[in-house]
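1. The amino acid sequence is not available; the structure is as follows:
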């Protein structure tokens, strides 16, 4: 005996997928807003060398103080948690100093890069991660395409509850093919 009908499960999956998409869009908007601040800071720096512009801390350097104040305000307004505010501030400066787009994960990527550099000294070079990721995405697309075909066959055979699943699989295929 099943506690949930196929329709309820399909509806839940669809809702969770839509929520995930909304979360992703919100993250993009948040990241773009912070990237604009990084760009403004780059303009404010002008022709000054980055290392000179970054000297000091939030007490002695007006730029660092402004960024700290900004993220402290976002925390006070309840828009970020205290820890997230600290992480975002750190990643702001990483994006600024390395001229890469802002991402909340920059400090994690930088940490992995350092660990990878230490490991590379001891071990032979391995395949680049981007190649592995591309192969993995293509594998997922291939499997989703095959699953979509199987689902459509079952739909033609009269299984109407699979229509929502087919739409979800098709949406994933299109998203991964972008």
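-> Looks like it arrived, so ask away. Since the structure is predicted, the reported quantities are computational estimates derived from the model, not experimental observations.
2. Okay, buried residues for the longest helix along the chain please.
-> Once the chain is assigned using DSSP state H, the helix that runs over the most residues is helix 6-45. By 16 or more other CB atoms under 10 Å, the buried positions in helix 6-45 come out as 10, 30-31, 34-35, 37-38, 41. Every residue, glycine included, has its C-beta placed from N, CA and C.
3. Among those residues, which one sits closest to residue 4?
-> Using CB to CB, residue 10 comes nearest to residue 4 of these, at 9.8 Å.
4. Where does the prediction get shaky in this structure?
-> 1, 110-144, 148, 152, 154-155, 157-173, 175-178 (pLDDT under 70).
5. that older thread, which of the buried residues of helix 6-45 sits closest to residue 22?
-> residue 30 (12.6 Å).
6. The closest one and residue 50: what is the separation?
-> 24 Å (CB to CB, to the nearest Å).
7. likewise residue 14?
-> 47 Å.
8. Could you do residue 74 as well?
-> Counting by CB to CB, the gap from residue 74 to residue 50 is 24 Å.
9. Of the two, which one has the most company?
-> residue 74 (18 against 12; other CB atoms under 10 Å).
10. So which bits of the host helix or strand of that one are buried?
-> Residue 74 is part of helix 62-76, with elements assigned from DSSP states H and E. Neighbour-count burial for helix 62-76 flags 63-64, 67-68, 70-72, 74-75 (criterion: 16+ other CB under 10 Å).
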